[in-house]
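Chemist: For reference, the sequence and a predicted model appear below.
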Amino acid sequence: MTEYETVIGLECHVELSTATKMFCGCRNTFGAPPNTDVCPVCLGHPGSLPVPNEEAIRRIILIGLALGSDIAPHSVFHRKNYFYPDMPKNYQISQYDLPICVGGHLDVDLSDGSTTRVGITRVHMEEDTGKTQHASASGRIHEAGSALIDFNRAGVPLVECVSEPDIRSPDEAGAYVRELRATLEALDVSDVRMEEGSLRCDANISLRPIGTAALGTKVEIKNMNSIRSLERALHHEIERQTKALDAGEAIAQETRHWDEDSGSTKSMRSKEEAFDYRYFPEPDIPALEPSPAWIEEIRARLPELPRARRERYVTELDLQPEVARVLVADRASCALFEETVTLGSAPAAAANWITQDLAGLINKLGIVPAVLPVTAQHLSDLIGMVADDTISGTGAKQALEEAVTTGDAIADIVKRQGLTQVSDTGALAEIADRVLAANPDAVAQFRGGKENVIGFLVGQVMKESRGSANPKLAQQVLRERLSG
Ligand SMILES: [Zn+2]
């Protein structure tokens, strides 16, 4: 059987989080009541004229600079003509042969510790379409009796970032999207929420026999709304194409739709060629010619990018690479971490609390991180009280759990819940005696040489004291009694 190499290129669409739309003054929001953020321009009324959004252009230049692209001294908007019910003008203002950002690359760290460089072909500016909702229980078009259209999204600034076909596996594709998402998040240009559609990725995938240079026929896959779906869809497509090629069948150049429920891709339509769109220059918008001074001004505001930040956390703050990776993947976590360290907490402790306990609580309680009442001061207090033995690790977790919901000061929570660690030997001795009396089997096992039973007994003391015992002292007191 022939062995194949997988060749993947990704086209990622990013909605910019500007205050207003790309070519009009309508608000750019998500989730507003349907058709409330619309005007003659984004509804495509005859005679209305588009005016490009300067902030959106600034943001795409920032993205291009972060990806190492050349910023074109002269680029042009084109009309991409096609009929779609949720696109009222019957064309989309996009860019064709003269995009604003050309070339570049993104270095992607893989799970095996290696790094791969994925080339960027281009990054161009366009506008989003409206949203069609098919009125059927399943939301599927063929079961719907009617369709509803919401034009709030029509005209939202959309950046398309096209990669070179440098990606060789579904895992690499996932890692690329994660890195791109973290980079866009660091740039603060988009909400980058795949589940809300502010980051969307289409994949081009083909197979070729290992050792051959010519590319196989590529298939485009659409409709993956998470990184997990993207990876699943690619795995499925590799399997499908391998079977077809092994059976001597030709691969059709087409667009396929990923169906999350069945875990398979289905043919949607044969892939359009560029000439199907009858691109021509948008006559209502002059060419974009950003001045070198403006580009330098934007470059000067480039923030630290995720890759550099991960490296700094590992080399300067001694974090484990995996911890640094988790932390840097989320901008809010990073900000909280940096602030906690600035308040004097040990970086490793701060990173642990944020990526483990706090992340766990956010997940468990379904809290939106944006409204999280826990601040750097909370974490810093918590870490300080554990370090000076005021509270135990268990007590600290209890205090954090309350702080996550109430936002109360850690000192107040500790006082209210009685979490101050019992470091008074007399009080501990009393609890230890109760625990030993209640667990004669464990006592016998310990005395019979099973040393590790001590862990169980310390656990019982912690439980009896509702987490307030000092575990080191508890162990000491238990040992004294067991050896006596
Ligand atoms: Zn508008």
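Modeler: Cool, got the structure. Residues are numbered from 1 along each chain as shown.

Chemist: Every contact and neighbour count from this point should use C-alpha atoms.
Modeler: Noted.

Chemist: Which positions in the stretch 1-150 of the chain make contact with the ion?
Modeler: Listed as neighbours of the ion in the stretch 1-150 of the chain under the rule C-alpha under 5 Å from the ion: Cys24, Cys26, Val38, Cys39, Cys42.

Chemist: Report the closest residue of the stretch 301-450 of the chain relative to the ion.
Modeler: Ala370 (28.2 Å; C-alpha to the ion).

Chemist: cool, and the stretch 51-200 of the chain?
Modeler: Closest point on the stretch 51-200 of the chain to the ion, by C-alpha to the ion, is Gly155, at 6.9 Å.

Chemist: Who are the contact partners of that residue?
Modeler: Taking C-alpha atoms under 8 Å, 6 or more residues apart in numbering as the criterion, Gly155 is in contact with Lys21, Met22, Phe23, Cys24, Cys42, Glu127, Asp128, Thr129, Gly130.

Chemist: can you tell me which of these are in strands?
Modeler: Glu127 (DSSP state E).

Chemist: filter the contacts of Gly155 to the buried ones?
Modeler: Buried members of the contacts of Gly155, counted by 16 or more other C-alpha atoms under 10 Å: Lys21, Met22, Phe23, Cys24, Cys42, Glu127, Asp128, Thr129, Gly130.

Chemist: The fifth one: what's its closest spatial neighbour, skipping adjacent residues?
Modeler: Spatial nearest neighbour of Cys42, excluding adjacent residues (C-alpha to C-alpha, 6 or more residues apart in numbering): Gly155 at 5.5 Å.

Chemist: which stretch of helix or strand covers that neighbour?
Modeler: Using DSSP states H and E, Gly155 sits within no helix or strand.

Chemist: just to revisit the earlier point, could the contacts of Gly155 be laid out in a markdown table, adding pLDDT?
Modeler: Below are these laid out as a markdown table (pLDDT from 0 to 100):
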| residue | pLDDT |
| --- | --- |
| Lys21 | 98 |
| Met22 | 98 |
| Phe23 | 98 |
| Cys24 | 98 |
| Cys42 | 96 |
| Glu127 | 97 |
| Asp128 | 96 |
| Thr129 | 94 |
| Gly130 | 94 |
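
Chemist: Flag every buried residue along stretch 332-349.
Modeler: So, applying 16+ other C-alpha under 10 Å, buried residues of stretch 332-349: Ser333, Cys334, Leu336, Phe337, Glu339, Thr340, Val341, Ser345, Ala346, Pro347, Ala348, Ala349.

Chemist: so what pLDDT did the fourth one get?
Modeler: Read that as Phe337. Per-residue confidence (pLDDT) for Phe337: 96.

Chemist: Secondary structure class of it, three-state.
Modeler: Per DSSP: H, G, I helix; E, B strand; the rest coil, the secondary structure class of Phe337 is helix.

Chemist: try Ser190
Modeler: Ser190 ends up coil, using three-state DSSP.

Chemist: which ones are touching it?
Modeler: Neighbours of Ser190 in contact, by C-alpha under 8 Å, 6+ apart: Val14, Glu15, Leu16, Ser17, Thr18, Leu184, Ser198.

Chemist: how close does it get to Ile120?
Modeler: Distance, Ser190 to Ile120, by C-alpha to C-alpha, to the nearest Å: 19 Å.

Chemist: same question, Leu365
Modeler: 39 Å.

Chemist: same check, this time on Arg200
Modeler: For Arg200, the distance to Ile120 - C-alpha to C-alpha - is 17 Å.

Chemist: again, but for Val461
Modeler: 59 Å.

Chemist: One more: Thr29?
Modeler: Thr29 is 29 Å from Ile120, by C-alpha to C-alpha.

Chemist: Ser270 now?
Modeler: 25 Å.

Chemist: Who has more neighbours out of the two?
Modeler: Neighbour tally, Ser270 and Ile120, criterion other C-alpha atoms under 10 Å: the higher count belongs to Ile120, 25 against 13.

Chemist: residues in contact with that one?
Modeler: Taking C-alpha under 8 Å, 6+ apart as the test, what Ile120 contacts is Leu67, Ser69, Val102, Gly103, Gly104, His105, Leu106, Cys161, Val162, Ser163, Glu164.

Chemist: Nearest spatial neighbour of it, chain-adjacent residues omitted?
Modeler: Nearest to Ile120 is Ser163, by C-alpha to C-alpha, 6+ apart, at 4.3 Å.

Chemist: do Leu10 as well
Modeler: Nearest to Leu10 is Ala203, by C-alpha to C-alpha, 6+ apart, at 4.6 Å.

Chemist: Thought Gly9 was touching that neighbour, still the case?
Modeler: Yes - using C-alpha atoms under 8 Å, Ala203 is in contact with Gly9, at 6.0 Å.

Chemist: picking up where we left off before, filter the contacts of Ser190 down to the ones in strands?
Modeler: Val14, Glu15.

Chemist: can you put the contacts of Ser190 in CSV and add pLDDT and neighbour count?
Modeler: Converted to CSV, the contacts of Ser190 look like this (pLDDT from 0 to 100; neighbours: other C-alpha atoms under 10 Å):
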residue, pLDDT, neighbour count
Val14, 97, 26
Glu15, 97, 25
Leu16, 98, 26
Ser17, 97, 22
Thr18, 98, 19
Leu184, 96, 23
Ser198, 93, 17
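
Chemist: which one among the contacts of Ser190 gets closest to Ala469?
Modeler: Nearest to Ala469 out of those is Leu184 (C-alpha to C-alpha; 46.0 Å).

Chemist: which ones are touching the closest one?
Modeler: Per C-alpha under 8 Å, 6+ apart, neighbours of Leu184: Ile63, Ser190, Val192.

Chemist: What ranges in the stretch 1-150 of the chain fall below the confidence cut-off?
Modeler: 1, 139 (pLDDT under 70).

Chemist: Which residue ranges of it form strands?
Modeler: 4-15, 70-71, 77-81, 91-95, 101-102, 105-109, 115-127, 131-134, 147-150 (DSSP state E, counting those that start in this stretch).

Chemist: Tell me which residues of the helix or strand hosting Leu379 come out buried.
Modeler: Per DSSP H and E, Leu379 falls inside helix 376-387. Within helix 376-387, the residues scored as buried using 16+ other C-alpha under 10 Å are Ala376, Gln377, His378, Leu379, Ser380, Asp381, Leu382, Ile383, Gly384, Met385, Val386.

Chemist: The longest helix along the chain packs against which elements?
Modeler: Assignment by DSSP state H gives helix 227-246 as the longest helix of the chain. Other helices and strands packing on helix 227-246, by 3 or more C-alpha pairs under 8 Å, 6 or more residues apart in numbering; DSSP states H and E, are helix 170-187, strand 199-209, strand 219-224, strand 264-270.

Chemist: ok, Thr265 touching His235?
Modeler: No - judged on C-alpha under 8 Å, Thr265 makes no contact with His235 at a distance of 10.5 Å.

Chemist: So which of those two has more stuff around it?
Modeler: Neighbour count, other C-alpha under 10 Å: between Thr265 and His235, Thr265 has more, with 20 against 16.

Chemist: Would you mind measuring from the residue nearest to that one when sequence neighbours are not counted to Asp246?
Modeler: Leaving aside its sequence neighbours, Thr265 sits nearest to Trp258 (C-alpha to C-alpha, 6+ apart; 4.4 Å). Distance from Trp258 to Asp246, counting by C-alpha to C-alpha: 23 Å.

Chemist: Glu126 now?
Modeler: From Glu126 over to Asp246 (counting by C-alpha to C-alpha), the distance is 40 Å.
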